[in-house]
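> predicted model, plus sequence, below.
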Amino acid sequence: MSDKKLILLLKIVMIVGICLILTGVYCHMYSETVEAMGVTGIVLSACLVAVGMILSLPTKMYLTFILVKREADASTQARSN
């Protein structure tokens, strides 16, 4: 897989993770359905936030690593020319 496709995939996963976090927070704070469900609703909204964090945080770190590596390679290549 090329770097451009990998970066695009990581960005998509990160956006999905952030959307899940926001959905979980919305469900927990403003949804009357979750309130009516009781403990099950709280667990459901907490799971949405947890899965969103699992998707978004490591993706940001890996994406940052790829971008720093690309920048280092570009600066090394510029020095050699």
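That came through fine.
> okay, Tyr26: pLDDT?
For Tyr26, the model assigns a pLDDT of 93.
> just give me how far the helix or strand hosting it sits from the chain centre.
Tyr26 is located in helix 3-30, with elements delineated by DSSP states H and E. On the basis of CA atoms, centre = their mean, to the nearest Å, helix 3-30 sits 5 Å off its chain's mean C-alpha point.
> put the alpha carbons of whichever helix or strand comes after it into CSV.
The helix or strand immediately downstream of helix 3-30 is helix 32-37, counting by DSSP H and E. Output of helix 32-37 as CSV, limited to C-alpha atoms (Å, rounded to 0.1, in the frame of the first residue of the first chain):
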residue,chain,number,x,y,z
GLU,A,32,-33.6,10.9,26.5
THR,A,33,-33.6,7.3,25.1
VAL,A,34,-30.3,6.6,26.8
GLU,A,35,-31.6,8.0,30.0
ALA,A,36,-34.7,5.8,29.8
MET,A,37,-32.6,2.7,29.2
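> quick one: list the elements packing against helix 32-37.
Where contact means 3 or more CB pairs under 8 Å, 6 or more residues apart in numbering; DSSP states H and E, helix 32-37 is packed against helix 3-30, helix 39-80. Glycine gets a C-beta too; all of them are placed from N, C-alpha and C.
> the helix holding Tyr26 vs helix 39-80, what angle?
Interaxial angle of helix 3-30 relative to helix 39-80 (axes from the mean of the first three to the mean of the last three CA atoms, to 10 degrees): 150 degrees.
> show me what helix 3-30 is packed against.
Where contact means 3+ CB pairs under 8 Å, 6+ apart, helix 3-30 is packed against helix 32-37, helix 39-80.
> and these: which comes nearest Ile15?
Closest approach to Ile15 among these is made by helix 39-80 (8.3 Å; CB to CB).
> ok, now which ones touch the residue nearest in space to the middle of the chain?
In the chain, the centroid-proximal residue (CA atoms, centre = their mean) is Ser56; its distance is 1.8 Å. For Ser56, the contact set (CB atoms under 8 Å, 6 or more residues apart in numbering) comprises 13-14, 17-18, 21.
> can I get those residues in JSON lines including neighbour count, pLDDT and distance to Ile66?
Putting those into JSON lines (neighbours: other CB atoms under 10 Å; pLDDT from 0 to 100; distance: CB to CB, whole Å) gives the following:
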{"residue": "Val13", "neighbour count": "17", "pLDDT": "90", "distance to Ile66": "13"}
{"residue": "Met14", "neighbour count": "19", "pLDDT": "89", "distance to Ile66": "12"}
{"residue": "Gly17", "neighbour count": "20", "pLDDT": "93", "distance to Ile66": "17"}
{"residue": "Ile18", "neighbour count": "16", "pLDDT": "94", "distance to Ile66": "19"}
{"residue": "Ile21", "neighbour count": "18", "pLDDT": "95", "distance to Ile66": "22"}
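> brilliant, that's me finished.
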